[in-house]
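> sharing a sequence plus its predicted fold:
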Amino acid sequence: MTIANIKPAADLPAVDTEHTDPRSYPHGVAYMDGQYLPMSEAKISVLDWGFLHSDATYDTVHVWEGRFFRLDLHLDRFWGGMQRLRMKIPYSREQVTDILHNCVALSGHKSAYVEMICTRGGSPTFSRDPRQSENRFIAFAVPFGSVANKEQLERGLHVSVSEIVRISPKSVDPEVKNYHWLDLVKGLFDAYDAGGETALVLDENGNIAEGPGFNVFVVKDGGLRTPAFGVLPGITRRSVFDLAAEINLKAVAEDVSRSDLSGADEVFITSTAGGIMPVTKVDGTPISDGSVGPVTRRLMDHYWKKHSDPAWSTEITYP
């Protein structure tokens, strides 16, 4: 079943939406192969290099109370990733923006997790030459889901540090958002085995790197530090730097050791899927007094207030 396009861009399919009921798509809406589809009907070939070889780049942006948050920054990173991986899609940035808007509006969700993907695709002749592959664009919007649940946001996450080493930036460019998660998944299992709720892994120098889908910050003496080497420069991570500048907090990107983490006054993680989220235990030991700290709370409040700021967010038009 194909569903409607409510805000057509040039050269995109347009369908009458008079009888389209967004409540019919509680699990979300996808766009692929020139069609808007219920998520249950969005499928790719098992021969797609994105599936076979993790040969893809993507980006995710969230919608909160009917507004995209920092969409332009996510589009910048998505286009940068495609350029670095030598991929091209048959849509302009304006058309992709319209597609993302349409996916959300058709789903009817006011809080959503929205993804844009470019896979290497596949070769019609099954060639192993990536230059022969036809790159493929996919987008979807699904209900918003957070790295941390309500209880964890109130009392803070319990994190364990795994000995797993993050893929070297000499092998995979961390500035290209990618699906190479086997190291992160192994780290998660280590964390679960140790009684943690999520994981941090190490860089190749033995310092703290990042977690599965998030960056980490430590707070010490009122200043912020976040790992600089071999990590994805997350959009929420960047937002923390922007927020810190507005409220006169010093924030730097540099090495963070395990002792820096355990000896911090406060720790928090950042992700599009959840925003700024407090951490109150690392490897079973409380951070400071084991409660969510004042700097973290201040940044969390400031972050969510920015979601209604037109300079940081974009309104969606629903049918």
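Cool, the structure landed. Residues are numbered from 1 along each chain as shown.

> what's in contact with stretch 121-132?
Residues outside stretch 121-132 that contact it (C-beta atoms under 8 Å, 6 or more residues apart in numbering) are 45, 47-50, 55, 86, 120, 133-136. For every residue, glycine as well, the C-beta is placed using N, CA and C.

> how about a cut-off of 7 Å?
45, 47-49, 120, 133-136 (C-beta atoms under 7 Å, 6 or more residues apart in numbering).

> before we move on, what about stretch 86-97?
With C-beta under 7 Å, 6+ apart as the criterion, stretch 86-97 contacts 9, 12, 57, 75, 79, 82, 116, 118, 120, 135, 137.

> from those, which land in strands?
If you go by DSSP state E, the contacts of stretch 86-97 have 57, 116, 118, 120, 135, 137 in strands.

> rewinding a little: which two among the contacts of stretch 86-97 are spaced furthest apart?
Farthest-apart pair in those is A9 and R120; separation 24.6 Å (C-beta to C-beta).

> neighbour count: the two, which is higher?
R120 (23 against 17; other C-beta atoms under 10 Å).

> shaky segments in this protein?
Along the chain, segments meeting pLDDT under 70 span 1-24.

> ok, which stretches of it are helices?
Assigned helices in the chain, in chain order: 49-53, 71-84, 93-107, 150-155, 182-193, 235-246, 258-262, 294-305 (criterion: DSSP state H).

> quick one: closest of these to V282.
Once the helices of the chain are compared by C-beta to C-beta, helix 258-262 is nearest, at 5.7 Å.

> can you pull out the residues in contact with that closest one?
161, 208, 218, 267, 282, 285.

> using PDB, write out every CA atom in it.
C-alpha atoms of helix 258-262 as PDB (Å, rounded to 0.1, in the frame of the first residue of the first chain):
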ATOM      1  CA  ARG A 258      39.300   6.300  33.000                       C
ATOM      2  CA  SER A 259      40.500   8.100  36.200                       C
ATOM      3  CA  ASP A 260      39.100  11.400  34.800                       C
ATOM      4  CA  LEU A 261      35.700   9.600  34.400                       C
ATOM      5  CA  SER A 262      35.600   8.000  37.800                       C
END
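
> is it true that T226 touches A244?
No. Applying C-beta atoms under 7 Å, one finds T226 not in contact with A244, separated by 10.4 Å.

> more neighbours: which of the two?
More crowded of T226 and A244, by other C-beta under 10 Å: T226, with 24 against 19.

> for that one, what are its contacts?
215-217, 237, 253, 256.

> can you do 10 Å?
208, 210, 215-218, 233-234, 237, 240-241, 251-254, 256, 268-270 (C-beta atoms under 10 Å, 6 or more residues apart in numbering).

> among those, which lie within strands?
If you go by DSSP E, the contacts of T226 have 215-218, 251-253, 268-270 in strands.

> most surrounded residue in the residues you listed?
Busiest of the ones in strands among the contacts of T226 [other C-beta under 10 Å] is F268, holding 30 neighbours.

> which residues are in contact with G28?
G28 sits next to 37-40, 42, 103-104, 106-109, 112-115, 140-143 when contact means C-beta under 10 Å, 6+ apart.
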